[in-house]
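Visitor: Sequence plus the predicted model coming up.
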Amino acid sequence: MNPPPTHPRWMSTVLFLAGAYNLAWGTWTILCPALSFAYSGMQVSDKPLNYPQLWQCIGMIVGVYGIGYALAARDPVRLWPLVFVGFLGKFFGPIGLVFGVITNQTPPQALATVIPNDLIWWVPFVLILRHAYRANRSITQ
């Protein structure tokens, strides 16, 4: 018999959804790099996607994050490091994109991708990490 979960069910749901979203986005980016690049708002009209394999690599990284989230959904308290690494990506990725916009290397419309890819996950990931911290702290005391 499995012990009862040490976390609220919504945490597993959020991580499963994040995993599914990242896997879907990563797969789309790998299979259709030019289309997903144009949709991201990063394509400048006079500069096509010259190196689609670099964009596909980003899709692969996003997909791998999705696998991590899906694994962490089983036990977010024990697998909090996967959530933490994902949160770091979702935190620093937008910072890099904002830097690109500020330095005129990235079109401002590319910032729209930050909302579904990163920002909507910040609060639930922080709450999951806080819960894991508290749960793990109580175990060690």
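Guide: Right, received. Where do you want to start?

Visitor: Which residue lies nearest the spatial centre of the protein?
Guide: Central residue of the chain (Cα atoms, centre = their mean): residue 90, 5.1 Å from the mean position.

Visitor: Where do the helices of this protein begin and end?
Guide: 9-31, 33-39, 52-72, 80-102, 114, 120-140 (DSSP state H).

Visitor: Wait, residue 25 touches residue 117, no?
Guide: Yes. With contact defined as Cβ atoms under 8 Å, residue 25 reaches residue 117; the gap is 6.9 Å. Backbone N, C-alpha and C define where each C-beta goes, glycine included.

Visitor: Reformat the helices of the chain as JSON lines; add distance to residue 46 and mean pLDDT.
Guide: As requested, those are arranged in JSON lines below (distance: least, Cβ to Cβ, whole Å; pLDDT from 0 to 100):
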{"stretch": "helix 9-31", "distance to residue 46": "22", "mean pLDDT": "98"}
{"stretch": "helix 33-39", "distance to residue 46": "13", "mean pLDDT": "90"}
{"stretch": "helix 52-72", "distance to residue 46": "17", "mean pLDDT": "96"}
{"stretch": "helix 80-102", "distance to residue 46": "17", "mean pLDDT": "96"}
{"stretch": "helix 114", "distance to residue 46": "24", "mean pLDDT": "93"}
{"stretch": "helix 120-140", "distance to residue 46": "32", "mean pLDDT": "92"}
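
Visitor: related to what we said a few turns ago, shared neighbours of residue 25 and residue 117, anything?
Guide: residue 62 (Cβ atoms under 8 Å, 6 or more residues apart in numbering).

Visitor: Give me the buried positions along stretch 40-58.
Guide: 40, 42-43, 49, 52, 55-56, 58 (16 or more other Cβ atoms under 10 Å).

Visitor: ignore the last one, stretch 133-141
Guide: Buried-residue list, stretch 133-141, by 16+ other Cβ under 10 Å: empty.
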